[in-house]
Structures are given as structure tokens and as C-alpha cells.
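Chemist: here is the input, now give the coordinates:
(4 chains)
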Protein chains: 2
Amino acid sequence: MVNNQSRITAVFAALADPTRRRILVRLSSHGEGQVTELAKPFRISAPAISRHLRVLEKARLIGRKRQGRMHMIRARADGLKPAQNWMAQCAAGWDFSFDKLDELLRNEQKKGKNR
Amino acid sequence: MVNNQSRITAVFAALADPTRRRILVRLSSHGEGQVTELAKPFRISAPAISRHLRVLEKARLIGRKRQGRMHMIRARADGLKPAQNWMAQCAAGWDFSFDKLDELLRNEQKKGKNR
DNA sequence: GCAACACTTAACATCTTGGTTAATAGTTCT
DNA sequence: AGAACTATTAACCAAGATGTTAAGTGTTGC
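Modeler: Purely as a prediction, here's the structure:
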């Protein structure tokens, strides 16, 4: 596993913003659309939308095709995978109950006493 | 589905930091540990670690038990789920190929001409 | 040509984030 | 009691994120 860490960081950072998530959801249901149309449900200015799209694009969560004066935006199907994989791998090891925690806690106490 | 949006935001924001992800991975493999032990592999100061842990805790990605002077930290198995669910739902609709995009593009052009 | 359109870039204000050191709170041990 | 230990909070600073308005780039259509 090489350094796709920065990629994963970009994806999570992109998803950490509610506006960007809403854009992705919209793309997920509507398929794709031009920027102005995507921007409609939001109160923020066009430049703000433009930058959100740039963030999503850099994280490879969307792609765009220029067609004349409009930019057609679509979601990239594979974009979420690095993040999903990371989460799955991380979650795989997470099965520790509080019982196990208590057990480990007792061991720590013993170690402390023997020091 | 109510407003767990802020929860999802918190989780993604927490995961957007490489240090916090490394902490989670460490917890995922080692099980759990006290703060000082968790902090060892990092060069940053103890207060910085402390705040990272607080962010993870607020996102419910970790839990802690105070045992004497040490705080035992563990990963919360269910913590990732809201984010994972969101991603799964979002990815479900993402199967648009560039062919479909081209098709839609042609339709847009037609609409433009008829206007 | 030129006006309207779609969108981005530039410049700026403001808030948040992530790091630091110094100080504080509570626990353990002698 | 007092020293050492574990960890947090406070105060501060630099860098980055998010929003704004104004200006710029390229396209369409009369």
C-alpha cells in the first residue's frame, strides 16, 4: 500500500462539507447537470459553488466536460472507493468490547505495581 | 432519516486529518491504549494529541474510560457507520458512464436550440 | 460587433483548525 | 506533604477554509 493517504485526506475533507455532500447527492439522483442548475438549490454565490466543485474535482469525486459555455458535471463512480476501503479496513479490527477494555485495564494496573 | 447530517459532518471532518486516522488505525490493531502510549509515534505535543482525541470523541469514533490518572481509549465499533451508510447510499446512484453524459449533453444542446 | 450567458479567477474578510508553550487538575508513590 | 506522572485547559499564532463582490474568459445569438 503506497501513499494514497493524501488522496484519502482529500476525499474525507471534501465530504466534510454539507454543501458538497448535497451536491453529490443531487448528482447521484439526477445523474449530472450543468453548474448553474446544480447551484439552484443553494443560496450561496456562484463563485462559492465553483470552488466547491473544484474541491470535489480534485478529490476525484466528480468529473466535468466542457460543452460550449456550460460545464457538465457528473459524479465519478470510483471516487469514494479509497475512503470506503480505508473505513472497511479500519472497522475490521474494531470489535473490542468494554469487557476486553476492563481486562486490559487490569493488566496495566499490574504492570504499574511491578514497576 | 432525521438530521444526522451534523453527525456525518463530524465523522468526515475527523477522518480528514492524517494524524487522527493513524490514531484510529493504531487503535484498530492494538485494541486500545492510554493517551501517552497512543501519542508515542507522533512528534506533536501532548496537547495536540489531546485535542485530536477530543475531536474523535465528539465524532463518537472513540470512547474513553478514566482509570486513575490514565485515560484508556478505545475505538467505537459503530462510529463509522453513519458515514459508511451515507457513502453507500450515495454510491448506489453513481453508475453513469461518459456515454450517458454524452447523451444528456446532446439533449441539452437540443433544448438550447429550441429556446 | 456586442449584449447576454455560463462559469472561473482575483482580492478580500472572517472563522476554523492545528500547532505551540505555560499553567492547571487529579493520581500515585515514597 | 511533596515529587513525579498523566492528561487537559488556556492563551496564543500561522495557515487554511468558506463566504462575499468585482472583474475576467470564453460562448451564444441577434
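
Chemist: the residue of chain A found nearest DNA strand D - how many residues pack around it?
Modeler: Nearest residue of chain A to DNA strand D (CB to the nearest atom of the strand) works out as A:Gly68 at 2.3 Å. Placement of C-beta: from N, CA and C, glycine included. Applying other CB atoms under 10 Å in any protein chain shown, we find 10 residues neighbouring A:Gly68.

Chemist: repeat for A:Ile23
Modeler: 25.

Chemist: is it in contact with A:Val55, as I believe?
Modeler: No: if you go by CB atoms under 8 Å, A:Ile23 and A:Val55 don't touch, sitting 10.0 Å apart.

Chemist: measure the residue of chain A closest to DNA strand D to A:Arg54 for me?
Modeler: 20 Å (CB to CB, to the nearest Å).

Chemist: so which residues of chain A form strands?
Modeler: A:32-34, A:62-67, A:70-75 (DSSP state E).

Chemist: now those strands in TSV, with mean neighbour count?
Modeler: Converted to TSV, the strands of chain A look like this (neighbours: other CB atoms under 10 Å in any protein chain shown):
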stretch	mean neighbour count
strand A:32-34	20
strand A:62-67	16
strand A:70-75	20
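
Chemist: now these in JSON lines, with distance to DNA strand C and mean pLDDT?
Modeler: Shown next, in JSON lines, are the strands of chain A (distance: least, CB to the nearest atom of the strand, whole Å; pLDDT from 0 to 100):
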{"stretch": "strand A:32-34", "distance to DNA strand C": "3", "mean pLDDT": "92"}
{"stretch": "strand A:62-67", "distance to DNA strand C": "7", "mean pLDDT": "94"}
{"stretch": "strand A:70-75", "distance to DNA strand C": "4", "mean pLDDT": "94"}
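
Chemist: redo those as JSON lines? Include distance to B:Thr36.
Modeler: Putting the strands of chain A into JSON lines (distance: least, CB to CB, whole Å) gives the following:
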{"stretch": "strand A:32-34", "distance to B:Thr36": "50"}
{"stretch": "strand A:62-67", "distance to B:Thr36": "42"}
{"stretch": "strand A:70-75", "distance to B:Thr36": "43"}
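
Chemist: as TSV, those strands with distance to chain B would be great.
Modeler: Listed next are those as TSV, based on distance: least, CB to the nearest CB, whole Å:
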stretch	distance to chain B
strand A:32-34	6
strand A:62-67	5
strand A:70-75	5
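
Chemist: quick one on the thing from earlier: any idea how far the residue of chain A closest to DNA strand D lies from A:Ala46?
Modeler: 18 Å.

Chemist: before we move on, what about A:Gly79?
Modeler: Distance, A:Gly79 to A:Ala46, using CB to CB: 23 Å.

Chemist: same drill for the two, tell me which one is more crowded.
Modeler: Counted by other CB under 10 Å, A:Gly79 and A:Ala46 do not tie: A:Gly79 has more neighbours, with 23 against 11.

Chemist: list the contacts for that one?
Modeler: Counting by CB atoms under 8 Å, 6 or more residues apart in numbering or on different chains, A:Gly79 touches A:Val11, A:Ala59, A:Arg60, A:Leu61, A:Ile62, B:Trp94.

Chemist: all set now, cheers.
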